[in-house]
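>>> here is the input, now give the coordinates:
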Amino acid sequence: MTIKPLIILPDPLLREVSRPVERIDDGVRNFARDMLDTMYDAPGIGLAAIQVGEPLRMLVIDLAKEGEEPAPMTIINPQVVSRGDERSVYEEGCLSIPDYYAEVERPSTVRVKYLDENGKEQEVEADGLLATCLQHEIDHLDGVLFIDYISKLKRDMVLRKFKKLAKDRPPSRMVG
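Modelled structure (predicted):
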């Protein structure tokens with residue numbers, strides 16, 4: 001079990017577009033387990049590889065509630081096949097933007113094709129919280145954050161707050 005340090009706003013890595021996973025091997029599977037351990041430790045329900053400093057098109061999700069059996073999903077190279085026409089609003093938060101939450105409107109359903117940890121192609125038709133979580137995490141892979149869906153005024157306030165906090169904390173990752 002390896003808990004990875006989280007990349008926190010305003011780190012510019014969060015705005016990078018992640019590259020596809022070329023080959024699914026033991027290294028990728030071990031990294032997925034580390035991502036799950038990191039997500040559970042945070043605690044969160046979703047985590048994109050970029051949030052732990054790896055710009056790979058990979059994410060993990062587990063929507064099991066406390067006291068339920070864990071139900072982890074490893075999603076590699078996801079592609080949104082379709083989005084529903086209806087919209088829904090959820091209050092979203094993000095492990096890379098700690099302690100900030102905002103209501104975000106997204107399509108209420110989404111269909112996603114992906115590879116699982118064994119390289120097998122899968123497809124999921126999601127609604128509710130799973131649809132929101134998938135869209136949130138896939139956005140991370142494209143350098144998009146949930147605060148991009150709120151008003152410019154609120155987004156600017158969040159960015160100013162996190163830039164100020166960043167000056168007062170040690171760097172979240174090594175550069176080089």
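>>> show me the strands in this structure, by range?
Along the chain, counting by DSSP state E, strands occupy 46-48, 58-61, 73-83, 87-94, 97-107, 109-115, 121-127.
>>> mind putting the ones you listed in CSV, mean neighbour count, distance to D26 and mean pLDDT included?
Heads up, the C-betas are built off the backbone N, CA and C, glycines and all. Shown next, in CSV, are those (neighbours: other Cβ atoms under 10 Å; distance: least, Cβ to Cβ, whole Å; pLDDT from 0 to 100):
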stretch, mean neighbour count, distance to D26, mean pLDDT
strand 46-48, 28, 20, 98
strand 58-61, 27, 14, 98
strand 73-83, 18, 13, 98
strand 87-94, 16, 29, 96
strand 97-107, 15, 32, 96
strand 109-115, 19, 15, 98
strand 121-127, 14, 20, 98
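>>> a markdown table for those strands, including distance to A166?
Below are the strands of the chain laid out as a markdown table (distance: least, Cβ to Cβ, whole Å):
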| stretch | distance to A166 |
| --- | --- |
| strand 46-48 | 20 |
| strand 58-61 | 24 |
| strand 73-83 | 29 |
| strand 87-94 | 15 |
| strand 97-107 | 12 |
| strand 109-115 | 32 |
| strand 121-127 | 34 |
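>>> closest one to D25 among these?
Each of the strands of the chain was scored for nearness to D25 using Cβ to Cβ, and the closest is strand 73-83 (11.4 Å).
>>> show me what contacts M1?
Taking Cβ atoms under 8 Å, 6 or more residues apart in numbering, we find M1 in contact with R33, D34, D37.
>>> out of the residues you listed, which is most surrounded?
D34 (18 neighbours; other Cβ atoms under 10 Å).
>>> pretty sure that one sits against T2.
Yes. With contact defined as Cβ atoms under 8 Å, D34 counts as touching T2 (4.4 Å).
>>> please enumerate the helices of this structure.
26-41, 128-141, 152-167 (DSSP state H).
>>> looking at the ones you listed, which one is packed in the most?
Mean neighbours per residue, mean count of other Cβ atoms under 10 Å, is largest over the helices of the chain for helix 128-141, with a mean of 21.
>>> run through the neighbouring helices and strands of that one.
strand 46-48, strand 58-61, strand 73-83, strand 87-94, strand 97-107, strand 109-115, strand 121-127 (3 or more Cβ pairs under 8 Å, 6 or more residues apart in numbering; DSSP states H and E).
>>> so what strands line up beside the last one?
The one in question is strand 121-127. strand 109-115 (antiparallel) (DSSP bridges).
>>> the strand it pairs with vs helix 26-41, what angle?
140 degrees (axes from the mean of the first three to the mean of the last three Cα atoms, to 10 degrees).
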